[in-house]
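Enquirer: Sharing a sequence plus its predicted fold:
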Amino acid sequence: MKAIILRRKKIKFGQILLILLLGALVCFTGLPLVAMVCRALMSTEELYIYPPRIICHNPTMQNFSDLLTSLNASVVPFTRYVFNSIFTTVVTVVLSILVCSLGAYGLTKHKPAGADAIFAVVLAALMFSTHVTQIPNYLVVNKLGLVNSYLALIIPKIAVAYNFFLVKQFCEQLPDSILEAARIDGCSELGIFWKIAMPLLKPAWSTLAVFSFVNNWNDYFSPLIFIRSDALKTLPLALQTLAGGAGVVARAGTVGAATLITTLPAIIVFAIFRGKVMETMTYSGIKS
Amino acid sequence: MKKNPGMNGKAWIRRNKTGYLFLMPFLVLFTVFTIVPVAVSMGTSFTNYNMIQAPSFVWFDNYQYLILDDDVFLKALQNTMLFALVTGPIGYFASFFMAWIITLVKKGKGFFSLAFYAPSLTSGVAMSTIWLIIFSGDRYGYLNNLLLKAGLITEPILWTSDSNYVLKVVMLISVWMSMGTGFLVFLAGFQNIDPALYEAARVDGIKSRFQELRYITWPLMKPQLLFGAINSIVGSFAVFDVATAVAGMPSPNYSAHTIVAHLYDYAFTRYNMGYASSVAMILFLITFVMGRVCMRLFKSEE
């Protein structure tokens, strides 16, 4: 009897420790995000108050309307940056889904000669950081005359090893019998891919969509290199210009609003697709 | 498939055609924008090329200068190494630890996984506007304010412009952002392990949660651990966005100068593509070798 009571106490102690630990971790990851949301909602007086506040007391939407009206009067309206980011990100994501799924499906289910070698190269490419290929990419994009265009932000980022890898791992789980049945029914190879494989691969390509969206939405290096004119800048680059870089504390309110607008979409997209992402990540391990 | 002596070109084409057609768009783009660039980078790194005149071959001059004479590069290399060796493992183990903790929680798994993962969904550049306020050098900075109130310091610290602190601040921010890198992979790995295995192990004499982790979870999760490690290495050696956004470019005394910042400086402000390519090749070599080491380390026994 005594042993049971002791045990119960021990469990309670463990649970309390766990809750404390979780609380500390959530504070560490969450506080900067809370500060970001609050600063977007603070009035100018509250932003410069001493001592500085993290939580805002009188939330206002003033910063957002300032961002839209005052900057809309300037040469490039803020909405244009939002459009640039949405447009390039969505097009890149859609094309990447199509190209990587087609390839990964062809590789696993049709196994053309040299399939293993191709996969080995893709696996090795997981170890390249994109910065290594950035200089020659610039030379190629420059030769094609695409510098300072939307295409420069889209084309180099469609065939990504990471995306191919994710879909390929998931493709392995597709039962051949379903594909074979469709083939016997007279369905064309492309039809089988589109009508049968793609719906079954949905968890894989929705995960690809989330990661690709987050990466491209937040990408700073590509637009920094490829984009010259203000009208084509995406949000991270535009925000950097707006904030004035390190050490400048001008326009704090509008910068706060712009930061929130830049950060939120990626988090929302992830929150919506969380379940699908988890389903796919189960197959993501590499067996060496 | 056995090589069929009677299989002529036509039969070979018929067998492989569909597969190649499916792979074609990916292979073309992947070759043009990933494979060829690595080769081109390698070639360009042995030349002097400014994009106006034709490249001239200079053998190992770029590498020689880079390693022997370029003090700024050595500083960048040192910073990047230090950065990667600190933030890489911390981020990696923190993600593993958080994924493990979540498996122990009964309620609110969704909330906690979002809370832990959200930082890695943010843009380093966008969040830098908040970091610059948190680490602001005056009394209005959240951190200075907190430390002053607590009486730990008597006057504000210039977190982002004092070269003693810049790299540490960049590291802290990067740890914050990179805790989620392996998180999802590990979480999936944990969920994949059959609970019956733990039951069986308990009968066999495994006592603590840590023993479970060591003898069951670790070996079963090797493929996930490897994938997470590779992502973490590639990510931590490519540090650039946060460093420039917080510390500026160039940073005070080059205290937060990184390999990618050096590459960017030579390639896209000086247009010295040959020299910049040799910087890229060194980055490539480091991540590739580290990746290979990890593959050895996490070899899964079939």
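Expert: All right, it came through fine.
Enquirer: Next up, the contacts around whichever residue of the stretch 201-302 of chain B sits closest to chain A.
Expert: Residue nearest to chain A within the stretch 201-302 of chain B: residue B:223 (2.5 Å; CB to the nearest CB). To be clear about C-beta, it is placed using only N, CA and C from the backbone, and glycine gets the same treatment. Applying CB atoms under 8 Å, 6 or more residues apart in numbering or on different chains, we find residue B:223 in contact with A:285, A:286, A:287, B:189, B:298, B:300.
Enquirer: Please produce a ChimeraX select command covering the buried subset of these.
Expert: Those of these that count as buried under 16 or more other CB atoms under 10 Å in any protein chain shown are selected in ChimeraX with:
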select /A:285,286 /B:189,298
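Enquirer: Among the contacts of residue B:223, which one lies nearest to residue A:240?
Expert: residue A:286 (35.2 Å; CB to CB).
Enquirer: How about the contacts made by the residue nearest to residue A:189 when sequence neighbours are not counted?
Expert: Nearest residue to residue A:189, sequence neighbours excluded (CB to CB, 6 or more residues apart in numbering or on different chains): residue B:18, at 5.1 Å. The contact partners of residue B:18, by CB under 8 Å, 6+ apart, come to A:106, A:110, A:112, A:189.
Enquirer: Would you point out the most distant pair within the residues you listed?
Expert: Between all members of the contacts of residue B:18, the farthest pair (by CB to CB) comes out as A:112 and A:189, at 12.5 Å.
Enquirer: Now stretch B:87-106: buried residues?
Expert: B:87, B:88, B:90, B:91, B:92, B:94, B:95, B:96, B:98, B:99, B:100, B:102.
Enquirer: Sorry, wrong one. I was asking about stretch B:122-142.
Expert: Neighbour-count burial for stretch B:122-142 [16+ other CB under 10 Å]: B:122-137, B:140-142.
Enquirer: Of those residues, which ones also sit close to chain A?
Expert: Counting by CB under 8 Å from any CB of the partner chain, B:122-134, B:136, B:140-142 from the buried residues of stretch B:122-142 sit close to chain A.
Enquirer: So which of the residues you listed belong to strands?
Expert: Among those, no member falls in strands (DSSP state E).
Enquirer: Out of those residues, name the ones that lie in helices.
Expert: B:124, B:125, B:126, B:127, B:128, B:129, B:130, B:131, B:132, B:133, B:134, B:142 (DSSP state H).
Enquirer: got a pLDDT number for the residue of the stretch 201-302 of chain B closest to chain A?
Expert: Note on residue B:223: pLDDT of 84.
Enquirer: likewise residue B:77?
Expert: 93.
Enquirer: Repeat that for residue A:287.
Expert: 69.
Enquirer: Also residue B:240?
Expert: So, for residue B:240, pLDDT stands at 87.
Enquirer: mind checking the backbone torsions on it?
Expert: phi -160, psi -60 (degrees, to the nearest 10).
Enquirer: burial count for residue 234?
Expert: As the question left the chain open, I've gone with chain A. For residue A:234, the neighbour count with other CB atoms under 10 Å in any protein chain shown is 28.
Enquirer: actually it's chain B I care about, not the one you picked
Expert: Using other CB under 10 Å, residue B:234 has 24 other residues around it.
Enquirer: ok, now residue A:21?
Expert: 13.
Enquirer: OK, contacts around it?
Expert: Residues near residue A:21 by CB under 8 Å, 6+ apart: residue B:101.
Enquirer: Ok, residue B:150 next?
Expert: Counting by CB under 8 Å, 6+ apart, residue B:150 has no contacts.
Enquirer: Look up the pLDDT of residue 11 for me, please.
Expert: In the absence of a named chain, chain A is used. So residue A:11 comes in at 64 (pLDDT).
Enquirer: please go with chain B instead
Expert: 82.
Enquirer: And the residue nearest to residue A:189, its phi and psi?
Expert: Torsion angles, degrees, to the nearest 10, at residue B:18: phi -60, psi -50.
Enquirer: Next, the buried residues of stretch B:59-77.
Expert: Counting neighbours by 16+ other CB under 10 Å, stretch B:59-77 gives B:62, B:63, B:66, B:70, B:73, B:75, B:76, B:77 as buried.
Enquirer: Look at the residue nearest to the last one when sequence neighbours are not counted and say how many residues are nearby.
Expert: Think residue B:77. Leaving aside its chain neighbours, residue B:77 sits nearest to residue B:259 (6.3 Å; criterion: CB to CB, 6+ apart). Other residues within reach of residue B:259, judged by other CB under 10 Å, total 26.
Enquirer: wait, doesn't residue B:259 sit right on residue B:279?
Expert: Yes: using CB atoms under 8 Å as the test, residue B:259 is close enough to residue B:279 to be in contact (6.4 Å).
Enquirer: For the two, list the residues in contact with both.
Expert: With CB under 8 Å, 6+ apart, residue B:259 and residue B:279 have common neighbours residue B:73.
Enquirer: ranges for the strands of the stretch 51-200 of chain B?
Expert: Remark: strands assigned in the stretch 51-200 of chain B by DSSP state E, counting those that start in this stretch are B:56-57.
Enquirer: residue boundaries of the helices in it?
Expert: B:61-64, B:71-104, B:109-121, B:124-134, B:142-150, B:166-178, B:183-192, B:195-203 (DSSP state H, counting those that start in this stretch).
Enquirer: how about those in TSV, adding distance to residue A:53?
Expert: Listed next are the helices of the stretch 51-200 of chain B as TSV, based on distance: least, CB to CB, whole Å:
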stretch	distance to residue A:53
helix B:61-64	52
helix B:71-104	29
helix B:109-121	22
helix B:124-134	11
helix B:142-150	9
helix B:166-178	21
helix B:183-192	31
helix B:195-203	46
